[in-house]
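*Asks:* Can you look at this prediction? I've put the sequence above it.
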Amino acid sequence: MVMVTSSKQTPLHDLHLQLGAKMTTFAGYQMPVQYKNGIIHEHLHCRNKAGFFDISHMGQCRVSGERAAEALEKLTPGGIADLKQGAQKYTVLTNAEGGVIDDIIVTRIEAGLSIIVNAGCKDKDFAYLRSQLSLDCQFEELNELALFALQGPGAAAVMAKFAAEAVGLKFMQACAAEIAGTACHISRSGYSGEDGFEISLPQADAERIARLLLAEDGVEPIGLGARDTLRLEAGLCLYGHELNETITPIEAGLQWIFKKGHSDFPGAEKILAQRQNGAGRVRVGLLVDGRIPVRDGCEIVHQDQQVGTVTSGSFSPSLNRPVAMALLDRRFAGLGTGLTALVRNSPVPVTVSSLPFVPHRYLRK
């Protein structure tokens, strides 16, 4: 167990230790990497039953005001102004060069807009939003809130016992609810590729509610290790890997987030030109031959010429083989293209694959 006194703790820190978690520092927080049964067990448990994730390290904030949605829409290529109450939107904040400041989840709530940002970006995100939103918008950090995720095919049955109204939600919808007397905000969303829920609630009630959920049959705690392999199999971007301030949304394969006709956002000229004409590099999946994992940072070569870089890579428990994502020269990005990854200067054959590696099971209907 790695103990770093200068790092922050989530409200479930003591519970993680009681559950036997191996802890590490991530984005300035002490977080569980895995529990006693290990990453592969946790990963497959989430795919087959229900996994509980502490994601309280992520940033939560609220923007309110009559023109809040219009103001936020000017900072992203995604549509915000037309969000209906209870609807969510995955989008990105872009910079003037077309890169991604962060990827975020925006929810229209009665009090305005609720925004979830990445843990490692929240200080810069909050400062950016404060500086860029119009003066008639009110910005509020919600540091008193915790955030959980309950993911997997068994998640809905568990949620039905505590907040039946949440089970009526479709993917990327949210509602106010109560769990055991605690007011919560629950969305049908997550980053595992599975059906599931995210629960925002007061930190003061976090451990009590976490224990209730973990006591249910089929629910087990899941650490950051399995959270990463789950989102990799689902083909989902991770900030700092597939997304950063030099990678555009088009290069990252996020064309689907764009609002039709919207051009009033930072970096629009470059991003929209790429959207129309194509980008020089694109995000792709890679199936790895053999058993050697291909990690982020590995070069991808074709006839000794570098044509890309691995952004994420690991062993896929669901497929029982290594997989990866990469930013690749689009001339070599055709499905089935055979390339080579250099792992400690040793060649490892890889094949360009479609994403996701494992089909999503979101409840859309």
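*Replies:* Okay, I see it. Note that the structure is predicted; figures quoted are calculated from it, not measured. Residues are numbered from 1 along each chain as shown.
*Asks:* got a list of what the residue nearest to E73 when sequence neighbours are not counted touches?
*Replies:* In space, E73 comes closest to I80 once its chain neighbours are excluded; the distance is 4.1 Å by CB to CB, 6 or more residues apart in numbering. (Each C-beta comes from the backbone N, C-alpha and C, glycine too.) The contact partners of I80, taken as CB atoms under 8 Å, 6 or more residues apart in numbering, are A69, E70, L72, E73, K89, T91, V106, L113.
*Asks:* taking the residues you listed one by one, which sit in helices?
*Replies:* A69, E70, L72, E73 (DSSP state H).
*Asks:* looking at it, the second one is touching D82, isn't it?
*Replies:* No. Checked against CB atoms under 8 Å, the pair E70 and D82 is beyond contact range at 10.2 Å.
*Asks:* Surely the residue nearest to E73 is in a strand?
*Replies:* No. Under DSSP: H, G, I helix; E, B strand; the rest coil, I80 falls outside any strand and is assigned coil.
*Asks:* residues near Q303, how many?
*Replies:* 7 (other CB atoms under 10 Å).
*Asks:* same deal with A177?
*Replies:* Counted with other CB under 10 Å, A177 comes out at 20.
*Asks:* Pretty sure it sits against F197.
*Replies:* No. A177 lies out of contact with F197 (CB under 8 Å); the separation is 9.9 Å.
*Asks:* what touches both of those two?
*Replies:* Common neighbours of A177 and F197 (CB under 8 Å, 6+ apart) are A166, I186.
*Asks:* For the stretch 1-150 of the chain, which segments count as helices?
*Replies:* Along the stretch 1-150 of the chain, counting by DSSP state H, counting those that start in this stretch, helices occupy 13-18, 39-48, 68-73, 122-132.
*Asks:* Can you lay out the ones you listed as JSON lines showing mean neighbour count, mean pLDDT and distance to A215?
*Replies:* Converted to JSON lines, the helices of the stretch 1-150 of the chain look like this (neighbours: other CB atoms under 10 Å; pLDDT from 0 to 100; distance: least, CB to CB, whole Å):
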{"stretch": "helix 13-18", "mean neighbour count": "16", "mean pLDDT": "98", "distance to A215": "12"}
{"stretch": "helix 39-48", "mean neighbour count": "21", "mean pLDDT": "98", "distance to A215": "16"}
{"stretch": "helix 68-73", "mean neighbour count": "21", "mean pLDDT": "97", "distance to A215": "39"}
{"stretch": "helix 122-132", "mean neighbour count": "15", "mean pLDDT": "98", "distance to A215": "31"}
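*Asks:* ok so, going back, name the pair among the ones in helices among the contacts of I80 with the greatest separation in space.
*Replies:* E70 and L72 (7.5 Å; CB to CB).
*Asks:* now this protein, which segments are flagged as low pLDDT?
*Replies:* 1-5 (pLDDT under 70).
*Asks:* what's the span of stretch 168-186 from first residue to last?
*Replies:* Distance between the boundary residues of stretch 168-186 (CA to CA, to the nearest Å) amounts to 11 Å.
*Asks:* which outside residues touch it?
*Replies:* Under the criterion CB under 8 Å, 6+ apart, residues 86-90, 107, 109-110, 114, 159, 162-163, 165-166, 187-189, 195, 197-202, 205, 208-209, 212, 362-365 lie in contact with stretch 168-186.
*Asks:* Cross-reference those with the helices and report the matches.
*Replies:* Reading helices off these with DSSP H, I get M159, F162, E165, A166, R208, I209, L212.
*Asks:* mind listing what's buried in stretch 227-242?
*Replies:* Under the neighbour-count criterion of 16 or more other CB atoms under 10 Å, stretch 227-242 has 227-239, 241-242 buried.
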